[in-house]
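Novice: here is the input, now give the coordinates:
(chains A and B)
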Amino acid sequence: LAKTTQPPSMEAYEGQEVNVSCSHTNIATSEYIYWYRQVPHQGPQFIIQGYKDYVVNEVASLFISADRKLSTLSLPWVSLRDAAVYYCIVTLSGGNYKPTFGKGTSLVVHP
Amino acid sequence: DPKIIQKPKYLVAVTGSEKILICEQYLGHNAMYWYRQSAKKPLEFMFSYSYQKLMDNQTASSRFQPQSSKKNHLDLQITALKPDDSATYFCASSQDWEGADTQYFGPGTRLLVL
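Specialist: Model prediction:
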């Protein structure tokens, strides 16, 4: 299964757009890309998933490069509540979903 | 109202003892899961259940035994506790096992083994 690489930390100010990158150079054709976030003392929360191109929902957008080796999670207009650890996961979908969480990207948001 | 309840929130145990972590979900989901997150390791997938049947076990130790008395319950029994078992244990659920990639997590039980 593909391994992911993310920056360990990022900082932003409230109101800024934040882009969190994730490298998955060994992603298989059958694997999907998922993003979760986790705030302290809570379980992870699903943000978005995608296979290729561009996906958007009410919380975030996800851009996936044409070769699928790089994905970027975009958070528009971050607030203090967006401060969390963001995890990029690459795995099979559905019943074969076996997430491997890495260390993630710790996002610090300044007022 | 919380949709996934985990009890207790905090748990302190002595080495060698046995504890049961409780998980109940009120989302009407058919699949449930257990994860573990310790200070030393990232979040680890442990078990998956579908309609009260074990679908996947990623835990090497038999000291960890899930127990499902109802479709919306998946407890985790841990025997012969060790200090290395200290971690936060998260329960999660999804509508179906086939849709396992859309999981909702509970608030966790923080276990400390002395």
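Novice: C-alpha from now on. contacts and neighbour counts both.
Specialist: Noted.
Novice: so what pairs up with the most centrally placed residue in chain B in the strands?
Specialist: Computing the C-alpha centroid of chain B and ranking residues by CA atoms, centre = their mean puts residue B:34 first, at 3.3 Å. Bridge pairing for residue B:34 (DSSP bridges) gives the partners residue B:47, residue B:91.
Novice: and it, what is it in contact with?
Specialist: Residue B:34 sits next to B:45, B:46, B:47, B:48, B:76, B:89, B:90, B:91, B:92 when contact means CA atoms under 8 Å, 6 or more residues apart in numbering or on different chains.
Novice: again with residue A:37
Specialist: Each residue near residue A:37 by CA under 8 Å, 6+ apart is listed here: A:44, A:45, A:46, A:47, A:84, A:85, A:86, A:87.
Novice: interface residues of chain B facing chain A?
Specialist: For chain B, the residues in contact with chain A (CA under 8 Å from any CA of the partner chain) are B:42-45, B:90, B:97-108.
Novice: can I have the buried ones of these as a PyMOL selection?
Specialist: Selection of the buried residues among the residues of chain B next to chain A in PyMOL, burial being defined by 16 or more other CA atoms under 10 Å in any protein chain shown:
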select buried, chain B and resi 43+44+45+90+97+98+99+100+101+102+103+104+105+106+107+108
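Novice: restricted to strands, list the residues of chain B next to chain A.
Specialist: B:44, B:45, B:90, B:104, B:105 (DSSP state E).
Novice: could you dump those residues to JSON lines with pLDDT?
Specialist: Below are these laid out as JSON lines (pLDDT from 0 to 100):
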{"residue": "B:44", "pLDDT": "92"}
{"residue": "B:45", "pLDDT": "92"}
{"residue": "B:90", "pLDDT": "97"}
{"residue": "B:104", "pLDDT": "92"}
{"residue": "B:105", "pLDDT": "94"}
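Novice: for those, work out which two are farthest apart.
Specialist: By the measure CA to CA, B:44 and B:104 form the most distant pair in those, at 15.2 Å.
Novice: just the strands in chain B please.
Specialist: B:4-7, B:10-13, B:19-25, B:31-37, B:44-50, B:53-57, B:64-67, B:75-78, B:87-94, B:104-105, B:109-113.
Novice: for those, give me TSV that also has distance to residue A:102.
Specialist: Output for those, formatted as TSV (distance: least, CA to CA, whole Å):
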stretch	distance to residue A:102
strand B:4-7	24
strand B:10-13	25
strand B:19-25	25
strand B:31-37	11
strand B:44-50	9
strand B:53-57	19
strand B:64-67	23
strand B:75-78	24
strand B:87-94	16
strand B:104-105	17
strand B:109-113	20
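Novice: ok, which of these comes nearest residue A:78?
Specialist: Closest among those, using CA to CA: strand B:104-105, at 22.6 Å.
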